[in-house]
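Enquirer: prediction below, plus the sequence it came from.
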Amino acid sequence: MKLTKQGLRWWSLAGSLALLLVLLPARALAQGGATGSLNAPDIAGLFNIVLVLAILVFLLVEGLLIFAIVRYRRRSPDEMPEQVHGNNAMELSWTVGSGILVIILFFFTLGFYQQPRTLPEDSEPVTVEVTGHTWYWEYYYPETGVRTETTLNVPAGRPVVLDITSADVQHSFWVPEISGKVDAIPGRVQRMWFQVDEPGQFVGQCAEYCGLQHYDMLITVNVMEEQEFASWMDGEAAAVAEAAAATEEEAAALAGDPAAGEQLYNSMGCMACHSLDGSTLVGPSFQGLGARAGEVLDGVSAEDYLRESIVDPCAYLAEGFDNCVMPQNFGDRLSAQDLADLIAFLLEQ
Ligand SMILES: [Cu+2]
């Protein structure tokens, strides 16, 4: 078949019609789709548009391929096909055509790209720090110190802000009915918000292959009535406070071993920021700490001051230090005995 000017015109007309036929229902689809959260329908809509376009391109390319194979097959051994070297009009039209498709998709995306990142004004969000681990998700509520795994409890009808990061390799937080994927990258925090108005459960899955048990890295978002959520949170927060008080009491009653404390000073990485010889590294030097610890805060004993400085380092900053950069999780990482040993070691400095 030789492509005449007439033929080319028919092809471009058929192409434009097909594009129109796809884009019209695609726009309608964009308003439907998932309804789990406020911003889910847009993402599901875009996904559907891309899916419909991809199906159409697939059918067009494969259809032409099959047509060419059948129509132009070799019919006799000495038949030689017509030799063709390029066709500027066709090459130009499929380059420009696919370019236009990409530009259309770009504008569809641009419309709500910022939406999952920008919180509505005057909202009182619940913040949750989400950390991917091999192979489970950890949820931490900084306002109350409550920590859960696997199931993320949130209230209905209130925005939820997720600060997503990873403790090891790269993961991706994805609950399709709630929002798009957000990568969990070590050393970086990526923010996303959503709001679900009706209580219910939504399931998701880590969407970045992260090792052997990646398949088992499930997410359950449990959306509760606001009242139910508040009472769950109160119960959990009380348990956290009780456990912390018990550890502190236990630690205060334990006798510390300075030699074991020195080992912890080295193995927990304290020495990277705190010298023993008076030189200032990242944080204050420990030189002379035993003598001054009891006089830093009025009415606070040296032991209590040191304990607070380890467990809750940002509560009080030593003179000359304006930024709190010390990790705030030593309370979780050190046992009561470890804490007592470390304090005993510090008192000897
Ligand atoms: Cu993962």
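Expert: Alright, I've got the coordinates.
Enquirer: all contacts plus neighbour counts: C-alpha atoms, from now on.
Expert: Fine.
Enquirer: contact residues of this structure facing the ion?
Expert: 171, 206, 210 (C-alpha under 5 Å from the ion).
Enquirer: and the residue in the chain that the ion sits nearest to, how close does it get to Ile219?
Expert: The chain approaches the ion most closely through His171 (4.0 Å), counting by C-alpha to the ion. Noted for His171: a distance of 12 Å to Ile219, by C-alpha to C-alpha, to the nearest Å.
Enquirer: more crowded one of those two?
Expert: More crowded of His171 and Ile219, by other C-alpha atoms under 10 Å: His171, with 31 against 21.
Enquirer: so what's the more buried one bridging to?
Expert: Ala184 (DSSP bridges).
Enquirer: likewise Phe202?
Expert: Bridge pairing for Phe202 - DSSP bridges - gives Val221.
Enquirer: my guess is it contacts Ser179. True?
Expert: No. In this structure, Phe202 is not within contact of Ser179 by C-alpha atoms under 8 Å, at 10.9 Å.
Enquirer: ok, the two, which is more surrounded?
Expert: Ranked by neighbour count (other C-alpha under 10 Å), Phe202 and Ser179 place Ser179 first, with 25 against 16.
Enquirer: that one reaches Ser37, doesn't it?
Expert: Yes. With contact defined as C-alpha under 8 Å, Ser179 and Ser37 form a contacting pair (7.3 Å).
Enquirer: shared neighbours of the two, which are they?
Expert: Common contacts of Ser179 and Ser37, defined by C-alpha atoms under 8 Å, 6 or more residues apart in numbering, comprise Phe194.
Enquirer: any idea how far Glu79 is from Ile100?
Expert: Separation of Ile100 from Glu79 (C-alpha to C-alpha): 40 Å.
Enquirer: how about Gln328?
Expert: 80 Å.
Enquirer: who's more crowded, these two?
Expert: Gln328 (15 against 9).
Enquirer: surely that one is in a strand?
Expert: No. Checked against DSSP: H, G, I helix; E, B strand; the rest coil, Gln328 lies outside a strand; its state is coil.
Enquirer: quick one, what contacts it?
Expert: Applying C-alpha under 8 Å, 6+ apart to Gln328 gives the contacts 310-314.
Enquirer: from the residues you listed, which would you call buried?
Expert: For the contacts of Gln328, a burial check counting by 16 or more other C-alpha atoms under 10 Å picks out 310-314.
Enquirer: picking that back up, pLDDT added to the residues of the chain next to the ion, as JSON lines?
Expert: Compiled in JSON lines, these are given as follows (pLDDT from 0 to 100):
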{"residue": "His171", "pLDDT": "94"}
{"residue": "Cys206", "pLDDT": "92"}
{"residue": "Cys210", "pLDDT": "91"}
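Enquirer: redo those as TSV? Include distance to Gly15.
Expert: Shown next, in TSV, are the residues of the chain next to the ion (distance: C-alpha to C-alpha, whole Å):
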residue	distance to Gly15
His171	40
Cys206	39
Cys210	42
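Enquirer: just to revisit the earlier point, just the contacts of Gln328: which are in helices?
Expert: Among the contacts of Gln328, the residues falling in helices (DSSP state H) are 310-311.
Enquirer: so which of the contacts of Gln328 is the closest to Leu53?
Expert: Of all the contacts of Gln328, the one with the least separation from Leu53 (C-alpha to C-alpha) is Cys314, at 53.0 Å.
Enquirer: residue contacts, that closest one?
Expert: 324, 326, 328.
Enquirer: gap between the last one and Cys314?
Expert: Which is Gln328. According to C-alpha to C-alpha, Gln328 and Cys314 sit 8 Å apart.
Enquirer: what's the answer for Asp183, then?
Expert: Distance from Asp183 to Cys314, by C-alpha to C-alpha: 29 Å.
Enquirer: ditto for Leu306
Expert: Leu306 is 13 Å from Cys314, by C-alpha to C-alpha.
Enquirer: closest to Met224 out of the contacts of Gln328?
Expert: Each of those was checked against Met224 using C-alpha to C-alpha; the closest is Asp312, at 31.2 Å.
Enquirer: the host helix or strand of Met192: partners in the sheet, and parallel or antiparallel?
Expert: Assigned by DSSP states H and E, Met192 falls within strand 190-194. When pairs are called by DSSP bridges, strand 190-194 turns out to pair with strand 160-166 (antiparallel).
Enquirer: the longest helix belonging to the chain versus strand 190-194: what angle between them?
Expert: Looking across the chain with DSSP H, the single longest helix is helix 40-71. With axes from the mean of the first three to the mean of the last three C-alpha atoms, to 10 degrees as the basis, helix 40-71 and strand 190-194 are set at 100 degrees to each other.
Enquirer: what is the mean pLDDT for helix 40-71?
Expert: Averaging pLDDT along helix 40-71 yields 87.
Enquirer: ditto for stretch 278-285
Expert: Mean pLDDT, stretch 278-285: 86.
Enquirer: check the offset of that stretch from the chain's centre.
Expert: Here stretch 278-285 is found 35 Å from its chain centre; the criterion is C-alpha atoms, centre = their mean, to the nearest Å.
Enquirer: got the buried residues for that stretch?
Expert: Those buried within stretch 278-285 under the rule 16+ other C-alpha under 10 Å are 283-285.
Enquirer: many thanks, I have nothing further to ask.
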